[in-house]
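K.L.:
everything below, folded, please.
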Amino acid sequence: MPNPSVADGRRLRYKTALITGASRGIGYAIAKSFAIQGANLVLSAFNEAGLVKAKAELDGYGVDISYLATDISSPDSIEELFAFAVERHPELDILVNNAGIHISKPFIDHGLDDFDRLMKTNVYSVFQLTQQAIRHMQKLGRGKVINVASVAGLRGSINSAAYNTSKHAIVGLTRCVALENAKNGINVNAICPGIVETDLIKGVQQRMETQGMPSEEFRERILAQIPIGRLLQPEEIANIAVFLASSESDGMSGETISI
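P.N.:
Predicted coordinates for the structure are as follows:
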C-alpha cells in the first residue's frame with residue numbers, strides 16, 4: 001500500500017513540527033518548506049511580531065499553524081512552549097532546534113555573563129526541548145529531531161570560542177541522544193551549515209563596519225573561505241531538513257550533514 005504522504009506528493013503530510021527560531025532566516029525557510037510538504041506547524045521565536053508575519057505568509061499552504069513567542073534561554077518558557085505544542089498537536093513528531101545566537105569576541109575578552117547567555121540559548125534550550133520531545137516521541141513510538149548546528153561545531157574559528165563550543169556541544173548531544181533512541185523509532189540528526197545569507201551574517205558585517213572594515217572587504221574575506229564561492233541560501237538548509245523529517249531518512253540517525 002503506498003505511503004499517503006508520498007501518494008499526494010507531499011512528503012510530510014500528517015506530520016507536525018515544532019520549529020524554534022522560525023520567524024526568519026533558516027527557521028522560516030524550514031517552516032515554509034515543511035508547510036509546502038504538508039506538515040502542520042508550531043512556530044516559536046522571541047519576536048511575536050515576526051511570528052505573526054510568518055504565519056500570515058504561510059497560511060496559504062493549507063496546514064494548521066500555531067505560534068508562541070518564547071525566550072528559549074528560560075527553562076520555564078521552554079516548558080510552556082512544549083506544553084503549548086502538544087496540547088494543540090498530541091501527535092507532534094518532529095522537533096527542529098534552530099534558534100541560537102552568535103557572540104564574536106577574542107577568547108580573553110569573553111566574560112562569564114556572555115558565555116552563560118550563549119550557552120543557555122544555544123545549548124541548554126536544545127538539551128531541555130529535546131528531552132521533552134524524546135519523552136513524548138517514545139510514547140508515540142516514532143519521531144524526528146533535527147538540530148541546526150554549524151560547521152563551527154566541527155572545527156575551530158578565531159574569535160568564536162564560546163559560539164564554537166556551543167555548536168560542538170550540539171553535535172555531541174545529537175550523537176548521544178541518537179544512540180539512546182535508535183531502537184525507539186526516533187531519528188536524531190544535525191545539519192551543520194557553513195555561512196548562510198541571513199540576518200545573523202548581516203549583523204556580523206555591520207559590527208565589522210563599526211570596527212573599520214568596509215563591507216566589500218568583509219564580503220571578500222568571507223567568500224575567500226567558501227570553495228563554491230558564494231553564501232548559502234536558507235532554502236538550501238531547508239531542503240536537507242525536509243529529507244531528515246521525512247520517511248526517506250528513517251535509516252539514518254546520529255549523523256551531522258555539512259553543507
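
K.L.:
all strands of the stretch 1-150 of the chain, in order?
P.N.:
Taking DSSP state E, counting those that start in this stretch to define them, one finds strands in the stretch 1-150 of the chain at 16-20, 40-45, 65-69, 94-97, 143-148.

K.L.:
redo those strands as TSV? Include distance to residue 213 and mean pLDDT.
P.N.:
No exception for glycine: its C-beta is placed from N, CA and C like everyone else's. Shown next, in TSV, are those (distance: least, Cβ to Cβ, whole Å; pLDDT from 0 to 100):
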stretch	distance to residue 213	mean pLDDT
strand 16-20	31	98
strand 40-45	30	98
strand 65-69	34	98
strand 94-97	32	98
strand 143-148	27	98
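
K.L.:
adding mean neighbour count and distance to residue 33, write those out as a markdown table.
P.N.:
Formatted as a markdown table, these follow (neighbours: other Cβ atoms under 10 Å; distance: least, Cβ to Cβ, whole Å):
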| stretch | mean neighbour count | distance to residue 33 |
| --- | --- | --- |
| strand 16-20 | 26 | 10 |
| strand 40-45 | 26 | 11 |
| strand 65-69 | 19 | 14 |
| strand 94-97 | 28 | 11 |
| strand 143-148 | 26 | 12 |
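
K.L.:
adding distance to residue 158, write those strands out as TSV.
P.N.:
Shown next, in TSV, are the strands of the stretch 1-150 of the chain (distance: least, Cβ to Cβ, whole Å):
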stretch	distance to residue 158
strand 16-20	28
strand 40-45	30
strand 65-69	34
strand 94-97	26
strand 143-148	22
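
K.L.:
for residue 163, find the nearest of these.
P.N.:
strand 143-148 (13.6 Å; Cβ to Cβ).

K.L.:
okay, the angle between the next helix or strand along the chain from the closest one and strand 143-148?
P.N.:
Per DSSP states H and E, the first helix or strand lying C-terminal to strand 143-148 is helix 161-180. Note on geometry: by axes from the mean of the first three to the mean of the last three Cα atoms, to 10 degrees, helix 161-180 and strand 143-148 are set 160 degrees apart in direction.

K.L.:
how far is helix 161-180 from where the chain is centred?
P.N.:
13 Å (Cα atoms, centre = their mean, to the nearest Å).

K.L.:
so which of the strands of the stretch 1-150 of the chain is nearest residue 186?
P.N.:
strand 143-148 (4.3 Å).

K.L.:
what is the closest one packed up against?
P.N.:
Strand 143-148 is packed against strand 94-97, helix 125-140, helix 161-180, strand 186-192, helix 234-245, with contacts defined by 3 or more Cβ pairs under 8 Å, 6 or more residues apart in numbering; DSSP states H and E.

K.L.:
buried deepest among those, which one?
P.N.:
The highest average neighbour count among the helices and strands packed on strand 143-148, using mean count of other Cβ atoms under 10 Å, belongs to strand 94-97 at a mean of 28.

K.L.:
picking that back up, out of the helices and strands packed on strand 143-148, the one nearest residue 38 is which?
P.N.:
Across the helices and strands packed on strand 143-148, residue 38 has its closest neighbour in helix 234-245 (10.5 Å, Cβ to Cβ).

K.L.:
give me the number of residues near residue 183?
P.N.:
7 (other Cβ atoms under 10 Å).

K.L.:
what do you get for residue 254?
P.N.:
Count around residue 254 with other Cβ under 10 Å applied: 17.

K.L.:
who are the contact partners of it?
P.N.:
By Cβ atoms under 8 Å, 6 or more residues apart in numbering, residue 254 lies in contact with 174-175, 178-179, 182, 188-189.
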